[in-house]
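Engineer: sequence first, predicted coordinates after that:
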Amino acid sequence: MGKFIYLDNAATTATRPEVVDAMLPYFSEKFGNPSSIYQFAAENKEVVDDARKVIADTLGAKPEEIYFTAGGSESDNWALISTAQAYKNKGNHIITSKIEHHAILHTCEYLETQGYDVTYLDVDEYGFVRPEELEAAIRPETILISIMYANNEIGTIEPIKEIGTIAREHKIVFHTDAVQAYCQIPINVDECNIDMLSASGHKLNGPKGIGFLYVRKGIKLKPFIHGGAQERGKRAGTENVPGIVGLAKAIEIEAATLEERTQKEIALRDHLIDRVLSEIEYVRLNGDRHKRLPNNANFCFRFIEGEALLLMLDMNGICGSSGSACTSGSLDPSHVLLSIGLPHEIAHGSLRITLNETNTIEEMDYVVDTLKTVVQQIRNMSPLYDDFMKSQAK
């Protein structure tokens with residue numbers, strides 16, 4: 001195999017070897033069902049409870065406020081649908097933003113078919129929700145606000161503390177999709193007045209198929225999966241003990257290394273951004289320059305089709321994306337890029353690079369050097385670019 005540089009960590013991450021090692025015994029040696037009463041199984045119940053504490057400690061939460069799920073999409077669905085049902089006697093209005101992950105947007109669309117009214121807030125050119133516009137959208141019948149902690153495509157970190165303060169003042173449940181932000185930036189649910197929070201294991205060097213939903217004590221939470229009494233009667237189904245163990249181990253490592261790890265990512269990210277913006281013409285950085293996730297860089301190259309760019313990068317051993325992994329099969333431009341005001345023809349030329357601490361400066365330089373070459377090759381085949389250059393020469 002030739003050169004291989006993985007820069008799509010927002011789509012998924014490699015499971016750490018230490019995480020795999022921690023999980024292995026729970027597939028064969030310690031396979032007991034935590035719901036059984038004999039000692040062999042009871043030991044696994046303790047392991048699951050310990051994992052809750054590990055997670056809760058990273059959020060400033062209580063262990064009993066952590067509910068295990070199959071991942072971020074389930075957590076998002078559960079948070080929105082359960083809250084809508086639990087508070088329907090109070091009202092039917094939900095506020096979210098136009099740049100949420102589709103796990104939120106499609107759930108909101110479903111809720112609209114069930115008689116709920118949803119306000120989709122605009123964002124500014126950097127992807128920020130404006131707190132004053134959010135507050136202006138609140139009605140007497142508003143029961144839920146759901147705003148992502150940081151955008152999965154452009155990396156913009158939202159003003160969550162201000163939004164949480166507004167929600168608390170108006171006594172409205174506040175949920176945040178923190179799938180991309182959790183273990184990338186410090187999060188404290190009390191400081192930000194967060195009532196519900198979604199996270200996923202495979203975004204933070206943990207296993208796929210496991211995540212959690214934080215639910216503040218006192219928030220009404222209806223069961224999402226019916227059956228047994230697992231997860232305190234709120235989510236039926238035998239606990240995924242190997243996944244829970246792996247999730248907790250990954251979080252333990254990520255939390256312990258957060259400052260050092262993210263400082264390295266920021267240095268790599270900024271080196272990459274600086275070189276791209278200074279050495280390639282007709283390119284823009286999407287999202288805020290500084291209030292962005294440590295590992296995220298998102299660009300739009302004019303006169304470029306993102307799919308062609310990704311294919312040529314792949315031929316050079318570089319894995320990137322043009323947006324959310326959940327919509328990679330779509331030919332439509334990113335809803336996030338359209339929401340920040342980009343026209344279709346520019347939004348089509350997007351590239352999302354999401355790195356991690358194992359990447360190097362040498363890799364970033366190789367990526368930029370490769371980008372300079374392939375961008376020019378694609379533009380040389382573009383009639384639009386040819387017409388533009390002729391118009392510039394007049």
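Structural biologist: That came through, no problem.
Engineer: now residue 224. Nearest residue, chain neighbours left out?
Structural biologist: Distance criterion Cβ to Cβ, 6 or more residues apart in numbering; nearest residue to residue 224, sequence neighbours excluded, is residue 78 at 4.2 Å. Yep, even glycine has a C-beta here, placed from its N, CA and C like the rest.
Engineer: please look at the one you found and residue 215 and confirm they touch.
Structural biologist: No: contact between residue 78 and residue 215 fails when scored by Cβ atoms under 8 Å: they sit 9.0 Å apart.
Engineer: quick one on the thing from earlier: identify the residues contacting the residue nearest to residue 224.
Structural biologist: By Cβ atoms under 8 Å, 6 or more residues apart in numbering, residue 78 lies in contact with 69, 213, 224, 235.
Engineer: lowest-confidence one in those?
Structural biologist: Among those, residue 224 has the lowest pLDDT, at 90.
Engineer: what count of nearby residues applies to that one?
Structural biologist: Residue 224: 20 surrounding residues under other Cβ atoms under 10 Å.
Engineer: residue 62 now?
Structural biologist: 15.
Engineer: ditto for residue 27
Structural biologist: By other Cβ under 10 Å, the residues close to residue 27 number 10.
Engineer: which of the three states applies to it?
Structural biologist: Three-state assignment for residue 27 (DSSP: H, G, I helix; E, B strand; the rest coil): helix.
Engineer: dump the residue contacts of it.
Structural biologist: Contacts of residue 27 by Cβ under 8 Å, 6+ apart are residue 242.
Engineer: can we see that at 10 Å?
Structural biologist: 241-242 (Cβ atoms under 10 Å, 6 or more residues apart in numbering).
Engineer: same check, this time on residue 319
Structural biologist: 4-9, 11, 310, 313, 353.
Engineer: for it, give the beta-bridge partners.
Structural biologist: residue 6 (DSSP bridges).
Engineer: give me the pLDDT for it.
Structural biologist: Note on residue 319: pLDDT of 97.
Engineer: relative to residue 166, how far out is residue 140?
Structural biologist: To residue 166, residue 140 is 15 Å away according to Cβ to Cβ, to the nearest Å.
Engineer: can you check which residues contact both of residue 78 and residue 215?
Structural biologist: With Cβ under 10 Å, 6+ apart as the test, residue 78 and residue 215 both reach 67, 175, 196, 221, 234.
Engineer: the third one reaches residue 81, doesn't it?
Structural biologist: Spelled out, it's residue 196. No: in this structure, residue 196 is not within contact of residue 81 by Cβ atoms under 10 Å, at 11.8 Å.
Engineer: looking at those two, which has the bigger crowd around it?
Structural biologist: residue 196 (28 against 17).
Engineer: and that one, what does it touch?
Structural biologist: 65, 67, 75-76, 78-80, 82-83, 144, 146, 173-178, 189, 213-216, 219, 221.
Engineer: hang on, the earlier thing: who has more neighbours out of residue 140 and residue 166?
Structural biologist: Neighbour count, other Cβ under 10 Å: between residue 140 and residue 166, residue 166 has more, with 19 against 8.
Engineer: ok, that one - contacts?
Structural biologist: So residue 166 contacts 131-132, 134-135, 138, 145, 159, 172, 174, 193 (Cβ under 10 Å, 6+ apart).
Engineer: return the set of buried residues in the helix or strand containing it.
Structural biologist: Assessed by DSSP states H and E, residue 166 sits inside helix 160-169. The neighbour-count check on helix 160-169 (16 or more other Cβ atoms under 10 Å) flags 160, 162-167 as buried.
Engineer: for those residues, give me CSV that also has distance to residue 92.
Structural biologist: As requested, those are exported to CSV (distance: Cβ to Cβ, whole Å):
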residue, distance to residue 92
160, 25
162, 25
163, 21
164, 22
165, 24
166, 20
167, 17
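Engineer: which among the contacts of residue 166 end up buried?
Structural biologist: 131, 134-135, 138, 145, 159, 172, 174, 193.
Engineer: domains of this protein: list them as residue ranges, please.
Structural biologist: Domain assignment for the chain, taken from automatic domain parsing, gives 5-11+257-393, 17-254.
Engineer: tell me the most buried of those domains?
Structural biologist: domain 17-254 (a mean of 20; mean count of other Cβ atoms under 10 Å).
Engineer: end-to-end on that domain?
Structural biologist: Domain 17-254 has an end-to-end distance of 13 Å (criterion: Cα to Cα, to the nearest Å).
Engineer: could you do stretch 121-132 as well?
Structural biologist: 11 Å.
Engineer: where do the helices sit along this structure?
Structural biologist: 17-23, 25-28, 39-59, 72-86, 102-113, 131-137, 160-169, 230-233, 241-279, 306-315, 335-339, 344-347, 361-380, 383-393 (DSSP state H).
Engineer: what's the third one packed up against?
Structural biologist: Under the contact definition 3 or more Cβ pairs under 10 Å, 6 or more residues apart in numbering; DSSP states H and E, helix 39-59 sits against strand 66-69, strand 196-200, strand 211-215, helix 241-279.
Engineer: which of these sits closest to residue 111?
Structural biologist: strand 196-200 (15.2 Å; Cβ to Cβ).
Engineer: how far does that closest one sit from its chain's centre?
Structural biologist: Here strand 196-200 is found 9 Å from its chain centre; the criterion is Cα atoms, centre = their mean, to the nearest Å.
Engineer: re the thing from before, now the contacts of residue 319 in a markdown table, with pLDDT and distance to residue 258?
Structural biologist: Formatted as a markdown table, the contacts of residue 319 follow (pLDDT from 0 to 100; distance: Cβ to Cβ, whole Å):
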| residue | pLDDT | distance to residue 258 |
| --- | --- | --- |
| 4 | 96 | 26 |
| 5 | 98 | 23 |
| 6 | 98 | 21 |
| 7 | 98 | 20 |
| 8 | 98 | 21 |
| 9 | 98 | 15 |
| 11 | 97 | 21 |
| 310 | 96 | 30 |
| 313 | 97 | 29 |
| 353 | 98 | 21 |
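Engineer: nearest to residue 376, of those residues?
Structural biologist: Closest approach to residue 376 among these (Cβ to Cβ): residue 313, at 13.6 Å.
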